[in-house]
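Visitor: Sequence and predicted model, in that order:
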Amino acid sequence: MAALVAYAAERFVTVVPEIDLPGHTAAVFRSHPELAPADAVSIDVGDGARFDLGALNPGRSEVWAFVENVLDAVIPQFPHSAYMHIGGDEVFGMPEEALIRIGT
């Protein structure tokens, strides 16, 4: 990643990282099942692969601790970017007030 960011910077291009939250968290739920929502749905997509539906719950303090750890690990890798995209646009059914809180 460092080489890519440096290559881009030499060409006056800024790489803006994206950590898609609170959705697109299937890998999070696999590695940290304690963060998965109780009502998460897992769908068999064939060949033994599964797709987990669900989103991080911004009302849980352990979720915020996890997110802070992820961001603390990612942000230094993009020293030229003043921005980070956190997504949130694909989360269906999440209350609007939760999305607003994440965006602030």
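Guide: The structure has been received and is ready for your questions. Numbers count the residues shown, from 1 in each chain.

Visitor: From here on, just use CA atoms for contacts and neighbour counts.
Guide: Fine.

Visitor: And the contacts of stretch 65-72?
Guide: Applying C-alpha atoms under 8 Å, 6 or more residues apart in numbering, stretch 65-72 turns out to have no external contacts.

Visitor: buried set for it?
Guide: Neighbour-count burial for stretch 65-72 flags residue 67 (criterion: 16 or more other C-alpha atoms under 10 Å).

Visitor: Average pLDDT for that stretch, rounded please.
Guide: Summarised as a single mean, pLDDT over stretch 65-72 is 93.

Visitor: And stretch 78-85, by the same measure?
Guide: Rounded mean pLDDT across stretch 78-85 is 92.

Visitor: and the gap between residue 84 and residue 77?
Guide: 11 Å (C-alpha to C-alpha, to the nearest Å).

Visitor: And for residue 68?
Guide: In terms of C-alpha to C-alpha, residue 68 sits 15 Å off from residue 77.

Visitor: Same question for residue 67.
Guide: 16 Å.

Visitor: again, but for residue 17
Guide: 9 Å.

Visitor: where exactly do the strands run in the protein?
Guide: 41-46, 49-53 (DSSP state E).

Visitor: Point out where this structure drops to low pLDDT.
Guide: 50-52, 89-104 (pLDDT under 70).

Visitor: just checking, what's the longest helix in the chain?
Guide: helix 61-74 (DSSP state H).

Visitor: how much space between residue 61 and residue 43?
Guide: On the measure of C-alpha to C-alpha, residue 61 and residue 43 end up 27 Å apart.

Visitor: nope, residue 12 is what I meant
Guide: 43 Å.

Visitor: go on, residue 27?
Guide: 14 Å.

Visitor: How about residue 69?
Guide: 28 Å.

Visitor: Kindly report the same for residue 49.
Guide: 9 Å.

Visitor: More neighbours: the two, which one.
Guide: With other C-alpha atoms under 10 Å as the criterion, residue 49 and residue 43 differ in neighbour count, and residue 43 comes out ahead with 11 against 8.

Visitor: which residues does the more buried one bridge with?
Guide: As for beta bridges, residue 43 partners with residue 51 under DSSP bridges.
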